[in-house]
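> give me the fold of what follows.
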Amino acid sequence: MNQHTTTLLVIGGGPGGYIAAIRAGQLGIPTTLVEAGELGGTCLNVGCIPSKALIHAADEFEKASHFASGSALGISVQSPRIDIGQTVLWKDGIVGRLTSGVAALLKKSGVRVVKGWANIVDGKTVEVIRDGESPQRIGCQHLLLATGSHATELPFMPFGGPVISATEALSPKTVPGQLVVVGAGYIGLELGIAYAKLGAQVHVVEAQERILPAYDTDLSRPVANALKGLGVATHLGCSVLGLDQEGAAVRIRNAAGEESALAADQVLVAVGRRPSTRGFGLEKLRIDMDGHFIKVDDQCRTSMRDVWAIGDVTGEPMLAHRAMAQGEMVAEIISGKRRHFSPAAIAAVCFTDPEVVVVGATPQQARAQGIACIDAMFPFAANGRAMSLESKDGFVRVVARSDNHLIIGWQAVGKAVSELSAAFAQSIEMGATLEDVAGTIHAHPTLGEAIQEAALRALGHALHI
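Sure, this is the predicted structure:
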């Protein structure tokens, strides 16, 4: 059996794992990373990056289709066609360049990458298995678990055949005529909207009484209106019973107990994700768990000394940028630096059309915590840049403490508001007040002016409304 030792052994090459490995390498820590699949994990290969590429292609196709029927801009084109195979090749090209870039960065940092399935022997030893090769045993001083998460499967409608997860939805061979999406959270709606723009008739089934149930109604309402405009049918307060006998329709039941069937060429199940805690010997460590997640402290330490865990496997929020920040921190702690994971806020972005951003506390959350707060929103209908982009729906909202005007939350819904998320998070992280933001000169004409105007409005003197 091949054997070697290292100071830090990382299981999982997703955003958290590869960032931890790169930073550790930069700090001179001998590091080995084990990954069975492609470097970059779910995010780069079958998640964040490819989904945004497909969403962009769908947006461009829908825009061309819009121009084919006339436009106030004076643009007219012939009816467009899309070669979905070429679209997937383009998307795969982006993924390939990014994963190759990760491999190059790991090599530059001196990280040893081992391909294969990790199997934990104990807290200091991992065996790596690869088809056709002898097992490799790796000893380590520090073990970092960065195994991520996977799509949740419905037991009565498992993945296979017409039932797909987001992974398969991101590499379509054809655009289905009828697509049923189970789950109206951010994954289901992002992909459902993209498919609707590509020409599919989309039905969305959600057990809750509204779409995007994790967001407040002010934020979800513009998205609901956009769904209607795209012809997407929503079936709210409905439970899924499974496929019919022919496998050509999804049976659903509404709150009144009435059953019906939705014709489906494909069924996208997007009901959440579960931490990947099985198949690599985690149970041998007997570490403390928090439900399905690995329990960690504010340094991402588990209950076993020198065993660490980061990212989706440690709980909500299951976001790539959270995992990256945790991975960097763990590497620095191992190198001797003093660090704790205590962000003031982490932005969550929903790449629907329109986009949704939430950073920090909403007005409802702040008041539920007993915080006296003021909030104000500025509509994009009063923003010149939004009007020039033909996107007047949506707003920016700020939440601040009543006593000292310390900003504790931002929310926005509208075209391209994902690009405002950094400014939102930075203002909270730096302890900005309403006066700080209101007194900052914002470039004109930009969507960012709505940030300043929201702060001004909270202070009682907005200038453009």
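> what comes into contact with stretch 149-163?
Residues from elsewhere that reach stretch 149-163, judged by C-beta atoms under 8 Å, 6 or more residues apart in numbering: 42, 165-168, 182, 240-243, 247-248, 264-267, 269-276, 312-313, 318. C-beta here means a position set from N, CA and C on the backbone, and glycine is covered the same way.
> what residues of that stretch count as buried?
Buried residues in stretch 149-163, defined by neighbour count with 16 or more other C-beta atoms under 10 Å: 149, 151, 157, 162-163.
> chain center to that stretch, what's the gap?
Counting by C-alpha atoms, centre = their mean, to the nearest Å, stretch 149-163 is centred 19 Å from the centre of its parent chain.
> and it, C-alpha only, in PDB?
Extracted in PDB, the C-alpha atoms of stretch 149-163 (Å, rounded to 0.1, in the frame of the first residue of the first chain):
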ATOM      1  CA  SER A 149     -23.900  18.500   0.200                       C
ATOM      2  CA  HIS A 150     -26.100  16.800  -2.400                       C
ATOM      3  CA  ALA A 151     -29.600  17.200  -3.800                       C
ATOM      4  CA  THR A 152     -32.400  15.800  -1.600                       C
ATOM      5  CA  GLU A 153     -34.300  12.900  -3.300                       C
ATOM      6  CA  LEU A 154     -38.000  12.200  -2.800                       C
ATOM      7  CA  PRO A 155     -38.300   8.600  -1.600                       C
ATOM      8  CA  PHE A 156     -41.500   8.100  -3.700                       C
ATOM      9  CA  MET A 157     -40.000   9.700  -6.800                       C
ATOM     10  CA  PRO A 158     -36.300   8.900  -6.900                       C
ATOM     11  CA  PHE A 159     -33.900  10.400  -9.500                       C
ATOM     12  CA  GLY A 160     -33.800   8.600 -12.800                       C
ATOM     13  CA  GLY A 161     -35.600   8.600 -16.100                       C
ATOM     14  CA  PRO A 162     -37.800  11.700 -16.300                       C
ATOM     15  CA  VAL A 163     -37.100  12.700 -12.700                       C
END
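> any idea how this structure splits into domains?
Under the assignment the TED database, the domains of the chain span 4-47+87-150+274-335, 163-271, 347-459.
> which one of the ones you listed lies nearest to A57?
With C-beta to C-beta, the closest approach to A57 among the domains of the chain belongs to domain 4-47+87-150+274-335: 4.8 Å.
> distance between that closest one and the chain's centre?
Once both centres are worked out by C-alpha atoms, centre = their mean, domain 4-47+87-150+274-335 turns out to sit 18 Å from its chain's centre.
> could you do stretch 55-72 as well?
Distance, stretch centre to chain centre, for stretch 55-72: 25 Å (C-alpha atoms, centre = their mean).
> where in the stretch 51-200 of the chain is pLDDT low?
In the predicted model, the stretch 51-200 of the chain carries no residue with pLDDT under 70.
> do a quick rundown of the strands in it.
Secondary structure of the stretch 51-200 of the chain (DSSP state E, counting those that start in this stretch): strands at 112-115, 117-122, 125-129, 136-145, 149-151, 163-164, 178-182.
> now what about the longest one, what contacts it?
Outside of strand 136-145, the residues within contact range by C-beta under 8 Å, 6+ apart are 1-12, 17, 20, 32, 34, 114, 116, 120-121, 123-128, 130, 282, 294, 302, 306-310, 313, 327, 330, 334.
> ok, now the first one?
Among residues not part of strand 112-115, those counted as contacts by C-beta under 8 Å, 6+ apart are 4, 6, 13, 31-36, 39, 103, 106-107, 128, 130, 136, 138.
> for stretch 410-428, which positions count as buried?
Residues of stretch 410-428 classed as buried by neighbour count (16+ other C-beta under 10 Å): 410-415, 417-418, 420-421, 423-425, 427-428.
> ah, wrong one, I meant stretch 435-447
The neighbour-count check on stretch 435-447 (16+ other C-beta under 10 Å) flags 437-438, 442, 446-447 as buried.
> ok, back up a step: just the contacts of strand 136-145: which are in helices?
17, 20, 327, 330, 334 (DSSP state H).
> my guess is A416 contacts E355. True?
Yes - checked against C-beta atoms under 8 Å, the pair A416 and E355 is within contact range at 6.6 Å.
> how about the secondary structure of I22?
helix (DSSP: H, G, I helix; E, B strand; the rest coil).
> ok now do it, which residues does it touch?
Residues in contact with I22 (C-beta under 8 Å, 6+ apart) are 105-106, 109, 111.
> take those and lay them out in TSV including neighbour count.
Output for these, formatted as TSV (neighbours: other C-beta atoms under 10 Å):
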residue	neighbour count
L105	17
L106	21
S109	18
V111	26
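> out of those, the closest to C48 would be?
Of all the contacts of I22, C48 sits closest to L105, with 17.5 Å by C-beta to C-beta.
> where do the helices of the stretch 301-450 of the chain begin and end?
Along the stretch 301-450 of the chain, the stretches classed as helices by DSSP state H, counting those that start in this stretch are 320-334, 363-368, 384-388, 421-429, 434-438, 449-458.
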